[in-house]
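>>> Quick one: sequence and predicted model below, then my questions.
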Amino acid sequence: MELFAHQILAGLATGGIYACMALAVVMIYQAIDHLNFAQGEMAMFSTFIAWQLIQWGFPYWVAFGATIVISFAAGVVIERVVLRPVHDAPVLSHVVAFIALLAILNSAAGFIWDYTIKSFPSPFGGGAFLGQGLMSKHDAGMIGMTLAMLVLLYLFFRHTRIGLAMRAAAANPESARLAGIRVGWMTALGWGMAAAIGSVAGMLIAPVVFLEPNMMLSILLYGFAGAVVGGLTSPGGAVVGGFSVGIIENLAGTYIPVVGREMKLSIALCIIIAVLCVKPSGLFGRPVVTRV
Amino acid sequence: MLLRPTDTREPLVATIAGIPMTTWRLTALGIGLVVLAVIPFVMKNFYIFQITLAIIYAIAILGLNLLTGFNGQFSLGHSAFYAVGAYTAAIMMDRCDIGYVWTLPAAAIVCFVFGFLFGLPALRLEGVYLALATFALAIAIPQMLKSSLVEHWTGGVQGITIIKPDAPFGLPLNSDQWLYAFTVIVAVAMYVCAGNLVRSRTGRALIAIRDHPIAASAMGIDVALYKSLTFGVSALYTGVAGALGAIAISFVAPDSFTFTLAVALFVGLVVGGVGSIPGTLVGGFFVLFVPNIAESVSKGLAGAVYGVILLLVIYLMPTGAAGLVRLISSRLVQQGRTGG
């Protein structure tokens, strides 16, 4: 029983990472209506910017704030420069544009900051928070920050005019345009916010997994998985999904004998597919109804 | 265009510079076949080998295109079927000493069954959810191949080395030239089959499901059956490509079949043109050669150069190479009557 409780706690700690990423994934899904494969690399690049700022001697929180602002601006610029011109292309071409973006950011980060592993400071300190080595102070801080971001996002989307406008633009672009909402800029804003959330996720994750250009690849997979399990239309669901992926992964690794360490990922993904087969729109997602 | 029985005039024919479109198409096909036949005798072995690989990729992309382009199902997991095909061929050749020619039908059957079975649960999933399910498959396959359960067969992380076949019947070809010829023969057969498939009754059913599943089922098409069958056929194509790839490279290892391969196939599909059969050849060549070109431009920034090339391609031809050709020919084309 104790082992079980420990595994749940450890799962929550890793789940915090995935929840962060899943939240960013859902944000951009809300704004542009498909999954952004470059999300992880955008977060990684932002984290490198924060690292560079800290290296230049800025205090942590100044660098933190500056990185969020820079990432937001970069997200808007990427939408305007890279995705605007292919706006009318088929969806599959968009996905290729994301893959291109991923390759560019990954290679550029490696070129500028090289591929050696760098450590990234934690604002919460590294000591133990609960038990020995189960959940560090940083893990607890990360979970707290994720939940805080979720609350802020909820307030933003529910109680501000611009949040409402963004939801309208995503839900029904034509009607939103007729109501005087500038849909193109709302999409750009969505990109900016997704990049900003991604940068927070990156800065929270980097102390755990260390900083290097390929750090986000596997995390993004888990982020997608968490987002899909929770339902792509629900930020709260994404966070719950992220935590459950972390817990499932840990439990599967501990209790299913064949799985061991190296098959953890496969099993977690199998469970996710099983969930989707039973509930195709995710645990908390709205089922999509289209008029025929 | 409606032709009434009373209309005795010649039918409308699309022409470019006075020559009918069908003639242009046949000419292009003929030139293509002649080029394919000449290549092994004028090029260095290394380039012959590379073109062989490009054609193999094209077959794999054709498999993906049958699924995505003609049936509207999305897959990021075709590297898994490629891997299954490759391993089927490698295990048969290495462990059972079976001739390489026989590994292709075996890989085809194994992959068809695997794809069909995977297609059954995938029926419930659409769009991004199906993408995630196939994506999970692509991630899981390398780990499963390494797993200790199947290590005896797959050789674990080390993989399997097989022997490159020589030309049979004492043909005066070296092994690269023979493999090229063998691949081209298989490829031509597979392309002809795919072309016939999409023009058949079954093909029209697939396209109807892509365009409007509800209307398709109202017309009496068994949507679930056809979708799973398409998954099977698509896996079959990609699996045969995998088997050919294993024979050509004469080596298989789990890390050759990662998610990167799935992304490469997907990029090839979009660059060639979704829903275009000749476009898959363009896709195959793009997937093989463009990363090398990017590397020759700048070693450190190879990924960035590749990304920029990819973006430019999407800007210039958002519907792929096939879309570009269609656009150009629709500009040039004139509608006229042959009979005058």
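That came through fine. Keep in mind the model is a prediction, meaning the values are calculated, not measured. Residues are numbered from 1 along each chain as shown, chains lettered A, B, ... in the order given.
>>> tell me which element the closest residue to chain B within the stretch 101-250 of chain A falls in.
For the stretch 101-250 of chain A and chain B, the shortest gap (CB to the nearest CB) falls at residue A:107, measuring 2.8 Å. C-betas here are computed from N, CA, C, even on glycine. Using DSSP states H and E, residue A:107 sits within helix A:91-113.
>>> Now do that helix: which elements does it pack against?
helix A:39-55, helix B:259-272, helix B:302-316 (3 or more CB pairs under 8 Å, 6 or more residues apart in numbering or on different chains; DSSP states H and E).
>>> what is the rounded mean pLDDT of it?
Helix A:91-113 comes out with an average pLDDT of 85.
>>> Buried residues in it, which are they?
By neighbour count, with 16 or more other CB atoms under 10 Å in any protein chain shown as the criterion, the buried positions of helix A:91-113 are A:92-111, A:113.
>>> residue contacts, the closest residue to residue A:53 other than its chain neighbours?
Distances taken as CB to CB, 6 or more residues apart in numbering or on different chains put residue A:63 closest to residue A:53, at 3.9 Å, once the chain neighbours are dropped. Contacts for residue A:63 were tallied using CB atoms under 8 Å, 6 or more residues apart in numbering or on different chains; they are A:50, A:53, A:54.
>>> what angle sits between the host helix or strand of residue B:283 and helix A:91-113?
Using DSSP H and E, residue B:283 sits within helix B:279-297. Between the axes of helix B:279-297 and helix A:91-113, defined by axes from the mean of the first three to the mean of the last three CA atoms, to 10 degrees, the angle is 10 degrees.
>>> Need the contact partners of helix B:279-297.
In this structure, residues lying in contact with helix B:279-297 by CB under 8 Å, 6+ apart are B:50, B:53-62, B:65, B:264-265, B:267-273, B:302-303, B:305-306, B:309-310, B:313, B:320-322.
>>> which one of the helices and strands packed on helix A:91-113 lies closest to residue B:236?
Comparison of those against residue B:236 by CB to CB identifies helix B:259-272 as nearest, at 14.8 Å.
>>> What is that closest one packed up against?
Helix B:259-272 is packed against helix A:91-113, helix B:45-71, helix B:78-95, helix B:127-146, helix B:279-297, helix B:302-316, helix B:320-332, with contacts defined by 3+ CB pairs under 8 Å, 6+ apart.
>>> Could I get these in a markdown table, plus columns for distance to residue B:227?
As requested, the helices and strands packed on helix B:259-272 are arranged in a markdown table below (distance: least, CB to CB, whole Å):
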| stretch | distance to residue B:227 |
| --- | --- |
| helix A:91-113 | 18 |
| helix B:45-71 | 7 |
| helix B:78-95 | 16 |
| helix B:127-146 | 10 |
| helix B:279-297 | 21 |
| helix B:302-316 | 28 |
| helix B:320-332 | 23 |
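>>> who wins for proximity to residue A:242 among these?
Proximity to residue A:242 (CB to CB) singles out helix B:127-146 among the helices and strands packed on helix B:259-272, at 14.3 Å.
>>> For that closest one, which residues meet the burial criterion?
Per 16+ other CB under 10 Å, helix B:127-146 contains these buried residues: B:128-146.
>>> same check, this time on stretch B:31-50
Within stretch B:31-50, judged by 16+ other CB under 10 Å, the buried ones are B:36, B:39, B:40, B:43, B:48, B:49, B:50.
>>> for it, the distance to its chain's centre please.
19 Å (CA atoms, centre = their mean, to the nearest Å).
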